[in-house]
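*Asks:* what shape does this take:
(chains A, B, C and D)
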2 protein chains.
Amino acid sequence: MAKAVQQRTLQTRARLVAAAQEVIADVGYEGLRVEQVVLRAGVAKGTFFAHFRDKDALMDQLIGAGIDAHLDQIEALATPQSVAEIVEAFMPLMRFMTCERYVFDVILRHSGAAAISEIGPIANTFGRHVEVVAPWLAKGPFRKDIDGMLLAEGVQAFTVQAMSLVFCALHAEVDLRARLTLYLNAWLTPKG
Amino acid sequence: MAKAVQQRTLQTRARLVAAAQEVIADVGYEGLRVEQVVLRAGVAKGTFFAHFRDKDALMDQLIGAGIDAHLDQIEALATPQSVAEIVEAFMPLMRFMTCERYVFDVILRHSGAAAISEIGPIANTFGRHVEVVAPWLAKGPFRKDIDGMLLAEGVQAFTVQAMSLVFCALHAEVDLRARLTLYLNAWLTPKG
DNA sequence: TGTAAAAAATGACCGCGGTCAATAATAAAT
DNA sequence: ATTTATTATTGACCGCGGTCATTTTTTACA
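*Replies:* Reported below is the predicted structural model:
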């Protein structure tokens, strides 16, 4: 039994990813065209689809990597001791996730796994997000009446809700930080 | 000043909508092709796009109408007095929203208005949803420490989260009703 | 080396959403 | 009625994601 994957394969894939990042640097995520990517990479169109199931799979990988990089930063932080500190810790990640409407759409589409038994990069970052937040909540001055995982899932739900409002005409005036702070105070430190 | 809109226009639009519904009955929302719709309606392809900005706009209208019909039913109900009753009231709507992955994606994409200053049918139903729930929460045995609108927004966020998990491989085993009940108990009747 | 089997790359081709200059139908004015 | 202005319809055409039979390259083995 030989090497399952050839050297050439890795090179081609790396070239495709590098080319894609260059294209994105030029025209943004939404402006990316597969044809431009293969042109830069110097391969045929069909080759792209031999390496990625579809354009969305490439986006899943690239955006997932971006989220992971932000989560690395977040994990290196000292444990936040308040809602304000939690919000602040997540601001850079949220800014990235909402840098383009198209990016946020891709994230939403992949946040629940794209297909059954097929958990992609972005879906994994959502799992990671919960695992990062749960211990914070356990250590901090927050409600203790419900399971830590459930509490963390709630934080995630409200984070998504707050980001959605960035693109919502009805709530355009309310900024992301203030909105998430409002949600998390109500969720994490209920007085009723 | 004459009638701004001709009779013919209304007829054509009605034919297009009717044709679209027939196509959906045949092949589902995801299977809908604009060409099939115009074929059934007996008009040219360009006509479709004179009546709808794009395919998404048609979906927005049709799915938005579906959600509105469910909200009509929900509004006719007696005010729920518990989390269980709230969940039950929303089950049919949630089943509709998650009848196809594509449908849920369209809903997410349009739940925050599609474009600035352009609030579509689905975005409106999200506003309506909050307005239906808020009075329920004010009257029922739920926490009173935060604003009613905020409380209702939270219900919406958790409803979306619960529906997302329907399509998520990581949580496929957990059913919608149980998941939402868990969320809403934690949100509406905190003990901490 | 030479050769056969497996893996990777190719590019012509297709499906389908969306555009637009040209045309037809309707309403308004004389 | 005839002309004029406005609005609706048409269908050839384009952009772009995605497919697949064919060709090229690599690997395994004699």
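*Asks:* quick one: neighbours of residue A:178, just the number.
*Replies:* Using other Cβ atoms under 10 Å in any protein chain shown, residue A:178 has 11 neighbouring residues. All C-beta spots, glycine's among them, are computed from the backbone N, C-alpha and C.
*Asks:* now the angle from whichever strand or helix holds it to helix B:176-188?
*Replies:* Using DSSP states H and E, residue A:178 sits in helix A:176-188. Per axes from the mean of the first three to the mean of the last three Cα atoms, to 10 degrees, the angle that helix A:176-188 makes with helix B:176-188 is 100 degrees.
*Asks:* which positions within helix A:176-188 qualify as buried?
*Replies:* Buried residues in helix A:176-188, counted by 16 or more other Cβ atoms under 10 Å in any protein chain shown: A:176, A:179, A:180, A:181, A:182, A:183, A:184, A:185, A:186, A:187, A:188.
*Asks:* how close does residue A:190 sit to DNA strand D?
*Replies:* Here the criterion is Cβ to the nearest atom of the strand, to the nearest Å. By it, residue A:190 lies 44 Å from DNA strand D.
*Asks:* is the host helix or strand of residue A:159 in proximity to chain B?
*Replies:* According to DSSP H and E, residue A:159 maps onto helix A:148-164. Yes: for helix A:148-164 and chain B, the contact criterion (Cβ under 8 Å from any Cβ of the partner chain) is met by A:150, A:151, A:153, A:154, A:156, A:157, A:158, A:160, A:161, A:164.
*Asks:* are any of those buried, and which?
*Replies:* A:151, A:153, A:154, A:156, A:157, A:158, A:160, A:161, A:164.
*Asks:* let's have the residues you listed in a markdown table, adding pLDDT and distance to residue A:126.
*Replies:* A markdown table is the format used below for these (pLDDT from 0 to 100; distance: Cβ to Cβ, whole Å):
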| residue | pLDDT | distance to residue A:126 |
| --- | --- | --- |
| A:151 | 97 | 16 |
| A:153 | 96 | 10 |
| A:154 | 98 | 14 |
| A:156 | 97 | 7 |
| A:157 | 97 | 11 |
| A:158 | 98 | 14 |
| A:160 | 96 | 9 |
| A:161 | 95 | 14 |
| A:164 | 92 | 15 |
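*Asks:* mind putting these in JSON lines, distance to residue A:61 included?
*Replies:* What follows is these, written out as JSON lines (distance: Cβ to Cβ, whole Å):
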{"residue": "A:151", "distance to residue A:61": "30"}
{"residue": "A:153", "distance to residue A:61": "25"}
{"residue": "A:154", "distance to residue A:61": "28"}
{"residue": "A:156", "distance to residue A:61": "21"}
{"residue": "A:157", "distance to residue A:61": "25"}
{"residue": "A:158", "distance to residue A:61": "27"}
{"residue": "A:160", "distance to residue A:61": "21"}
{"residue": "A:161", "distance to residue A:61": "26"}
{"residue": "A:164", "distance to residue A:61": "24"}
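*Asks:* give me the pLDDT for the residue nearest to residue A:92 when sequence neighbours are not counted.
*Replies:* Using Cβ to Cβ, 6 or more residues apart in numbering or on different chains and skipping residues adjacent in sequence, the residue nearest residue A:92 is residue A:70, 5.9 Å away. pLDDT recorded at residue A:70 is 98.
*Asks:* how many other residues sit next to residue A:70?
*Replies:* With other Cβ under 10 Å as criterion, residue A:70 counts 18.
*Asks:* which residues does it contact?
*Replies:* By Cβ atoms under 8 Å, 6 or more residues apart in numbering or on different chains, the residues touching residue A:70 are A:92, A:93, A:96.
*Asks:* so the first one makes contact with residue A:73?
*Replies:* Yes: counting by Cβ atoms under 8 Å, residue A:92 does reach residue A:73; the two are 7.0 Å apart.
*Asks:* which helix or strand contains the residue of chain A found nearest DNA strand C?
*Replies:* The nearest approach of chain A to DNA strand C comes at residue A:46, 1.6 Å away (Cβ to the nearest atom of the strand). In the assignment (DSSP H and E), residue A:46 maps to helix A:45-51.
*Asks:* which elements pack onto that helix?
*Replies:* Under the contact definition 3 or more Cβ pairs under 8 Å, 6 or more residues apart in numbering or on different chains; DSSP states H and E, helix A:45-51 sits against helix A:7-27, helix A:34-41.
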